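Colleague: next comes the sequence, and after it the predicted model I'd like to discuss.
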Amino acid sequence: MTTWNSWLFWPNHVALSVFVLVVLAMLFLYAARKPMHGVIHSVCALVSQSMRFISRWLFLAAENVRVRNQSVLLAHGQESAAAIIDREFERMGDIIRKDLQEFPAVQRKMMEEATRIEDDYRKCGEVPPPPPEWVSALKSVAQIKSGGDIPRKLLEDINKSIQKIHDQTIVEFRRSYEERHKILKAMQPSWRSVEKMIGEMDKKMLTLQTNVKQIDGYMGTFEGIRAKDNKTEHALTVSGFVQLAISSLVLVIALGGAFINYKLIALPMSEMVGASDYITDNMKTSDVAALVIILMEASMGLFLLESLRVTQLFPRIASMEDRMRRRLTVASLVFLIILAAIESSLALMRDMLVADKASLMRDLASAAPVASDGLLTSIPMIGQMIMGFVLPFALAFVAIPFENVVHSLRTVIGVCLVQGMLGLGVGLRFAGLLFKRLANVLQLTYDVTIVVPLMIERWVIGIHAGSTGEMGNMEEKEFSKPRRAA
Amino acid sequence: MNKYLTLLILSFGMVFVGACGDSRMHSQGVYMLVDTSGTYAGEMKKASKIINYLLATLNPGDSLAVAKVETRSFTEKDIIAKVTFDKRPSQATSQKRTFKSRIETFAEGVKGSAYTDITGGLIQGAEYLNETKAGIKTIVVFSDMQEELGKGTIRDFPITLDGIRVVALNVTKLGTDNADPRLYLDRLTHWEAKVRKAGATEWVVVNDLENNLDSILNAR
């Protein structure tokens, strides 16, 4: 109240004081009109242009990142496609080397079979029965003019001979057919063999054809990547997202396995490094030691798969000399087996510790010992030991999804970054536009507060000008500025 | 690869350096005073159960001592059994078994004492616990808290129980308490004031031995 009164010229006449105050304020604001307009426009222009500048920079940066992402994505895609094509060619080479290297032998065999079949076929050609000689003999007998018993006898003799020859011919004919049937029968396996060989060749050619088709597909992708095709880029990006999702899921499952593993060895590790030692306030040394063992198993698995060229996280291992790489494989495998054996024995120790503690608890509670069924009670122990031995090897395969995550995360983060930058750029651009318009709004709002002095100004100018037209021009000029700006 | 190997070596180093870390801050030290005076000597069975509970609850690296409250209890001779459990769980279990058998032997031949020097026992307990350098120190007094000092025994001076929790267990009501409960309440108030003045961090009374044993030890 005191503050309010201090603003009043005549505290007893509030209305008058307020009126004078308003008039003074208006006068002040009217006098400061042009500088204030300038300030409003300058500030808004500054903010708007800064935002436009940042927005433009963001768009440019987003484009740069996109290009960089594209090149990385395409390079990675190209590498993967090349590896796949390489593998397919290797596979095809194997097929050709394994199956088609027998082709000359098969061809030779087929030729031999064909020659044999041809010979047999020739042998089977029907041999016409010998021409009946008795026909000419019969003609000669028929030409004998004198009758009597001689021709009849001759004819009877001929008939007998003919009968005999006929019988012989029939026997011969049958024998010959029988032989030909035998030959044909002998041809059957050859036909079958040829048919089988052709079938096998057909099958092999079909496999080869499938592989060729696959290679065709991969080559298409490869060409798309080489040509920096948008469709291929999009497919690779989508593949990156899918790969990340799948690999993350597998990693989560693997983490579950690692947790079980950790639980299995945390207690027995306390027997080695002490149960009452702490690294920090809440972190037991035995727990950390168990964690280190598990991490070492995962590392050994990683090295093993890396040296087997299943994963390619370390280019140095991939480019290592074959002999050296094999040594690394053996070393990693040996370490992994040792760690698995250690874990298995720790699992056994865990069971023993738990049993010992349970026995102590029974003693302390003065309870009778539980009757144990030997086989039944040892099942958990055996299970724990097996799990302890198997889990490190299962954990070793984490390297594969891990590699996928590493590669696909780069793509996913890159895409998200570009989209985020673009979004932010659009937002800033929109805000810049708003600020640009806001300058006019603020200017008009300012003029509203000093509308009375402005009207007087126009009136005075009108009187001085002496003509309505000029005044109208003045008014028009006065109001056209903000309108244009708006 | 070298970087990776370095990381592995560092992890190993962390473990081994950590293994040498200060474990005493997390360990518990418990000193249990068992009143063997007069009729309270008959409560030894309950005391054995409490000791068994402590044995079951304490972890490797913790310390436990059980002493009897006699005519003059400020002496190591009154300690029935004491142990600092090994860091290895298997060894700790074995030590617990030995400790239990010692207590059982003592419980079989316990004899009642003429006087009850609880203050002397507290001083002795504080001395033992300070020597163990345990992170959490607890003196458990299994007694009716009725102190009776023999002739020539001087205990009316300030004692120091800095950083020690004091737990009064099975504080039974005496015949006179039944007639005038104020005696019982005054007795508890007197002991609470005394231990708090001595610098004890906590004063706990546990009479429900069936359900409230968790209050004896501080949760870590």
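Modeller: The structure has been received and is ready for your questions.
Colleague: can you tell me the SS state at the residue of chain A found nearest chain B?
Modeller: Nearest residue of chain A to chain B (CB to the nearest CB) works out as residue A:276 at 2.5 Å. (C-beta placed from N, C-alpha, C; glycine too.) Under DSSP: H, G, I helix; E, B strand; the rest coil, residue A:276 falls in the coil class.
Colleague: let me see the backbone angles for it.
Modeller: phi -110, psi 10 (degrees, to the nearest 10).
Colleague: ok, it - contacts?
Modeller: By CB atoms under 8 Å, 6 or more residues apart in numbering or on different chains, the contact list for residue A:276 reads B:23, B:26-27, B:59-62, B:87.
Colleague: contact residues of chain A facing chain B?
Modeller: A:267, A:270-271, A:273-279, A:281, A:285, A:288-289, A:292, A:295-296, A:299, A:314, A:316-317, A:352-353, A:356-357, A:360-361, A:363-365 (CB under 8 Å from any CB of the partner chain).
Colleague: which stretches of the chain have low pLDDT?
Modeller: Reading this off chain A. Within chain A, the segments meeting pLDDT under 70 span A:1-3, A:100, A:125-135, A:137-138, A:141-142, A:144-148, A:368-374, A:467-486.
Colleague: actually chain B
Modeller: Within chain B, the segments meeting pLDDT under 70 span B:1-24, B:218-220.
Colleague: neighbours of the residue in chain B positioned nearest to chain A, how many?
Modeller: Of all residues in chain B, residue B:61 sits closest to chain A, at 2.5 Å by CB to the nearest CB. Neighbour count for residue B:61, taken as other CB atoms under 10 Å in any protein chain shown: 24.
Colleague: excluding its backbone neighbours, what's nearest it?
Modeller: residue A:276 (2.5 Å; CB to CB, 6 or more residues apart in numbering or on different chains).
Colleague: looking at chain A, which helix is longest?
Modeller: Of all segments of type helix in chain A, defined using DSSP state H, the longest is helix A:149-226.
Colleague: which stretches in chain B count as helices?
Modeller: B:2-19, B:44-57, B:89-108, B:118-132, B:175-179, B:181-197.
Colleague: can I get these in CSV with distance to residue A:29 and mean neighbour count?
Modeller: As requested, the helices of chain B are arranged in CSV below (distance: least, CB to CB, whole Å; neighbours: other CB atoms under 10 Å in any protein chain shown):
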stretch, distance to residue A:29, mean neighbour count
helix B:2-19, 68, 13
helix B:44-57, 81, 19
helix B:89-108, 85, 17
helix B:118-132, 80, 22
helix B:175-179, 89, 11
helix B:181-197, 72, 15
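Colleague: among these, which comes closest to residue A:210?
Modeller: Closest to residue A:210 of these is helix B:2-19 (CB to CB; 41.3 Å).
Colleague: which residue packs closest to the residue nearest the centre of chain B, ignoring adjacent ones?
Modeller: For chain B, the residue nearest the mean C-alpha position is residue B:31 (2.5 Å; CA atoms, centre = their mean). Take residue B:31 and drop its neighbours on the chain: the residue closest to it by CB to CB, 6+ apart is residue B:125, 3.7 Å away.
Colleague: now do the same contact list for that neighbour.
Modeller: B:31, B:33, B:65, B:67, B:139, B:164.
Colleague: one more pass at 7 Å, please.
Modeller: Residue B:125 makes contact with B:31, B:33, B:139, according to CB atoms under 7 Å, 6 or more residues apart in numbering or on different chains.
Colleague: just give me the neighbour total for residue 39.
Modeller: Reading this off chain A. Neighbours of residue A:39 under the rule other CB under 10 Å: 13.
Colleague: the intended chain is chain B.
Modeller: 12.
Colleague: how far away is the nearest residue to it once chain neighbours are set aside from residue A:168?
Modeller: Leaving aside its chain neighbours, residue B:39 sits nearest to residue B:112 (7.7 Å; criterion: CB to CB, 6+ apart). Separation of residue B:112 from residue A:168 (CB to CB, to the nearest Å): 142 Å.
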